[in-house]
Structure formats: structure tokens, C-alpha cells
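1. no FASTA, just this:
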């Protein structure tokens with residue numbers, strides 16, 4: 001009799017699907033175990049937007065330097081403008097600048113003041129010549145007066161000596177007359193001889209009186225000469241002071257006129273520059289993004305923005321923000337992979353070689369202080385060609401690449417909340433040789 005397996009035994013056997021599942025699970029575990037030892041590129045993620053590296057290439061507003069009224073628009077939004085092209089023409093609204101010939105009139109005032117300055121300069125030069133001539137005349141006159149004083153002094157000395165001689169002669173004549181008179185009384189001399197002696201005595205007395213008068217006149221003349229010297233000195237001192245005072249007054253007028261000339265020249269230059277401000281020009285080549293004022297006849301204030309210009313051919317960069325705990329790991333030149341809004345991308349952050357649709361860059365600048373949101377700003381510049389269609393303000397996602405570690409290490413780090421490993425310099429410094 002043929003033996004047949006029991007139905008219960010068939011049911012208790014291992015199902016075929018279970019063995020297949022076990023094989024698949026074993027294979028997956030082996031693959032996952034092997035994957036744990038694959039290299040993983042650590043990275044720091046950040047979000048931001050497209051901007052420019054140089055501030056001059058960022059969108060800028062064009063302001064008017066003066067207040068005015070809009071007369072004519074020369075551009076429309078989206079137009080391309082070159083540096084110096086006319087954007088807007090305005091007219092004057094301040095009454096003090098209404099005169100169309102104001103520049104010419106100020107120029108005439110400058111010329112008049114300049115001529116006045118030159119006239120006062122000539123007057124000052126004439127006064128200097130007058131003072132020089134007066135100094136020469138003073139020296140000559142004072143020297144002449146001093147000579148006269150010296151002459152009169154010597155004359156006084158001479159007349160004094162003459163007086164002494166006459167007084168001596170008078171004493172001798174008196175003595176001779178007295179002796180003659182005694183001899184006459186004794187009868188030894190005649191009356192004629194006595195009268196002769198009396199006449200000589202009278203002559204000596206007269207000469208003495210004449211010498212005294214002459215000495216007195218010489219002294220008076222000497223005194224007058226000294227008074228005249230003092231008077232001349234005082235007179236010329238007054239003339240000198242008056243001339244110098246007039247010269248100083250003229251010089252003060254010159255300086256004042258020179259200041260007025262400078263002020264008018266400054267005003268003239270300001271007016272010439274102001275006349276150029278009625279035409280608002282493009283500060284650099286670019287595209288007109290937005291007109292901030294509209295219409296004709298609208299008034300604009302001083303320093304008010306009228307249009308926004310996007311510079312041509314900007315040097316694009318990505319402005320992204322990272323956490324404060326990641327900043328110590330960054331350095332200038334660190335490689336970055338960037339994903340731009342509008343460009344489809346398949347990103348494997350740990351395996352940058354498998355990324356599709358991302359673009360390369362490198363860290364160019366790291367802020368020294370955090371931003372208002374508590375994050376730190378990082379500027380990334382291209383290390384390879386970026387799309388030409390990129391526009392400033394577009395969103396961007398960046399992955400700053402750090403060191404390579406095994407996958408199991410990265411999982412362990414993430415589970416424990418440890419920071420990424422510091423990047424080792426690829427270019428080691430050469431060892432010093434002795």
C-alpha cells in the first residue's frame with residue numbers, strides 16, 4: 001500500500017514565500033552593512049538668494065540732487081541705458097533760481113568784484129610807495145635837523161668861549177684902568193692916558209655885552225633846533241601812522257573783497273553745477289527696473305529716488321545664511337554646491353558626484369557678526385559657470401562641503417548631535433629643513 005504525506009504535515013512545513021523573504025532581508029542587511037562603510041561627504045546647509053559680490057553691481061536707485069518739477073521722461077521700464085544717458089528732465093521750482101540768466105549775472109558780479117579787488121590792490125601798492133618815500137623823507141629831514149642841532153650846539157660852545165675871552169679882556173681892562181687911575185692921582189700919568197684907558201675899558205665892556213647877547217642868541221637857536229627836531233619827529237611819526245593806517249584799511253578792504261570774490265565764485269560754480277542737475281543721467285550701464293515717480297508736472301524733493309536701475313553684467317553671488325554653530329567650520333574657498341529656484345535638481349548631499357542640476361561655488365566671505373535673524377551671512381561666488389538666466393533675488397539652497405567620513409560615522413554623529421568634523425587643509429605646509 002503506497003504511503004502518502006499527511007495534509008497536516010504539508011501545512012506545518014516552511015512556506016516558499018517565507019524563504020524568499022528571508023533571502024531578501026539577508027541581502028538587504030548585507031547591502032546596508034556594506035553601505036555603512038561607504039564614504040559620506042559631510043556638509044552644512046544654508047538657504048538664501050542670488051545677489052552680487054560687488055555692491056556697485058546691485059540694483060540701485062537714482063536720486064535727484066535738487067528739487068524740481070518733472071518735464072519729460074526719456075526712458076521706460078525695461079529699457080537698456082548706458083552710463084550718462086538721460087533718464088529724466090526736470091525744471092526749477094525755487095524762486096531764487098528762476099532767472100534764466102542767473103549764471104551770467106553772477107559772472108558779472110564776480111568780474112566787478114575782481115576789478116574792485118585789483119583797484120584796491122593798486123591803491124595798497126601806491127600807499128606802500130608813499131610810505132617808502134615818506135620814510136626816505138623822514139630820514140633826510142631828521143638828519144638835517146640833527147645836523148642843525150649839532151651846529152647850534154657847537155656855536156653855543158664857540159660863543160661861550162668868546163664870552164669867556166671878552167670877560168678876561170674886561171678884567172684886564174679894568175685892572176689897567178685902575179692902575180692908570182692911581183698913577184694919574186699920583187701925577188705920574190696924564191689925563192689923556194687915563195681917558196684912553198677908560199675908552200678901552202668901555203670897549204671891553206661893550207664886547208663882553210655883545211658876547212653875552214651872541215651866546216644867548218646861540219642858546220636860543222640851539223633850543224629852537226632841538227624843538228624843531230622834536231616837532232619834525234612827531235610830525236613825520238603822525239604822517240607815517242596815518243599812511244600805515246590807511247594802508248591797513250585798504251588791505252582789510254582787499255581781504256574783504258577777496259572773500260566776496262571767492263563767495264561769488266563759489267556761488268557761480270554751484271549755479272553751473274545746479275544747471276547740470278536739471279538732467280538726471282544714468283550713473284552706470286544697466287536696465288531700468290522701475291520708475292518710482294510718474295507723470296509730467298509732478299514735483300520731486302531734494303534727494304528723492306526717481307528710478308531703479310539694474311546694472312549690466314553683474315558678478316553674481318549667493319547670499320546664504322548658516323547657523324552659528326556651523327560658522328567655526330567654514331573658511332574662505334570652501335567648496336559649495338548650489339541649487340537654484342527654477343532649475344530642477346536631484347541632490348545627494350553626501351555624494352556630490354551624483355548630484356544633477358546643481359552648480360559649483362566657493363565661500364568668498366563670512367560675516368563677522370550675526371544678522372537680525374541670529375544666523376550668519378555667507379557670500380558664495382561661482383567656481384564654475386552659472387546659468388545666464390539667473391536673476392538677483394532668486395532663491396538658492398547651498399551645501400557647503402566639509403570632510404569625508406564613513407556613513408556609519410555620519411549616522412552616529414547625527415544621532416548624538418555632534419558637529420561635523422573640521423576640514424583638513426589639502427595643501428599641507430612644507431616642513432622646514434635645517
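-> Received it, and whenever you're ready, just let me know what you need. No experiment lies behind these values; they were computed from the predicted model shown.
2. shaky segments in this structure?
-> 1-18, 40-41, 347-355, 403-405, 414, 417-419, 421-434 (pLDDT under 70).
3. In it, which helix is the longest?
-> helix 191-276 (DSSP state H).
4. so how far is residue 358 from residue 386?
-> 11 Å (C-beta to C-beta, to the nearest Å). Quick note: C-beta positions are derived from backbone N, CA and C, even for glycine.
5. can you check residue 245 too?
-> For residue 245, the distance to residue 358 - C-beta to C-beta - is 88 Å.
6. same check, this time on residue 228
-> 111 Å.
7. List the beta-bridge partners for residue 51.
-> Beta-bridge partners for residue 51, by DSSP bridges, are residue 317.
8. in what helix or strand does residue 158 lie?
-> Applying DSSP states H and E as the criterion places residue 158 in helix 102-185.
9. name the helices or strands packed onto that helix?
-> helix 191-276 (3 or more C-beta pairs under 8 Å, 6 or more residues apart in numbering; DSSP states H and E).
10. The helix it packs on vs helix 102-185, what angle?
-> 170 degrees (axes from the mean of the first three to the mean of the last three C-alpha atoms, to 10 degrees).
11. Next secondary structure after helix 191-276?
-> strand 279-281.
12. what about that following strand, distance to the chain center?
-> 27 Å (C-alpha atoms, centre = their mean, to the nearest Å).
13. And the next helix or strand along the chain from that strand, what does it pack against?
-> Per DSSP H and E, strand 279-281 leads on to strand 286-291 as the next helix or strand towards the C-terminus. Helices and strands in packing contact with strand 286-291 are listed as strand 80-81, strand 305-311; criterion 3+ C-beta pairs under 8 Å, 6+ apart.
14. Save those as TSV, and put in distance to residue 268 and mean neighbour count too.
-> Putting the helices and strands packed on strand 286-291 into TSV (distance: least, C-beta to C-beta, whole Å; neighbours: other C-beta atoms under 10 Å) gives the following:
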stretch	distance to residue 268	mean neighbour count
strand 80-81	31	18
strand 305-311	27	19
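15. With distance to residue 157 added, can I get these in TSV?
-> Formatted as TSV, the helices and strands packed on strand 286-291 follow (distance: least, C-beta to C-beta, whole Å):
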stretch	distance to residue 157
strand 80-81	103
strand 305-311	99
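16. could you check the distance from the closest residue to residue 243 other than its chain neighbours over to residue 246?
-> Nearest residue to residue 243, sequence neighbours excluded (C-beta to C-beta, 6 or more residues apart in numbering): residue 131, at 4.9 Å. Distance of residue 131 to residue 246, given as C-beta to C-beta: 9 Å.
17. show me what contacts residue 128?
-> Contact analysis of residue 128 by C-beta atoms under 8 Å, 6 or more residues apart in numbering lists residue 247.
18. tell me the SS of residue 100?
-> Residue 100 falls in the coil class when you classify it by DSSP: H, G, I helix; E, B strand; the rest coil.
19. Surely residue 361 and residue 397 touch.
-> No - with contact defined as C-beta atoms under 8 Å, residue 361 does not reach residue 397; the gap is 11.9 Å.
20. what is in contact with those two at once?
-> Common neighbours of residue 361 and residue 397 (C-beta under 8 Å, 6+ apart) are residue 338.
21. ok so, going back, for residue 103, find the nearest of the helices and strands packed on strand 286-291.
-> strand 305-311 (24.9 Å; C-beta to C-beta).
22. what distance separates the closest one from the middle of the whole chain?
-> On C-alpha atoms, centre = their mean, the centre of strand 305-311 falls 29 Å from that of its chain.
23. just checking, what packs against it?
-> strand 60-63, strand 86-91, strand 286-291.
24. Note down every partner strand of that strand and its orientation.
-> strand 60-63 (antiparallel), strand 286-291 (antiparallel).
25. so what secondary structure elements neighbour the next helix or strand after the longest one?
-> Which is strand 286-291. Where DSSP H and E defines the elements, the next helix or strand beyond strand 286-291 is strand 299-300. Secondary-structure packing of strand 299-300 (3+ C-beta pairs under 8 Å, 6+ apart): strand 68-73.
26. before we move on, what SS does residue 343 have?
-> coil.
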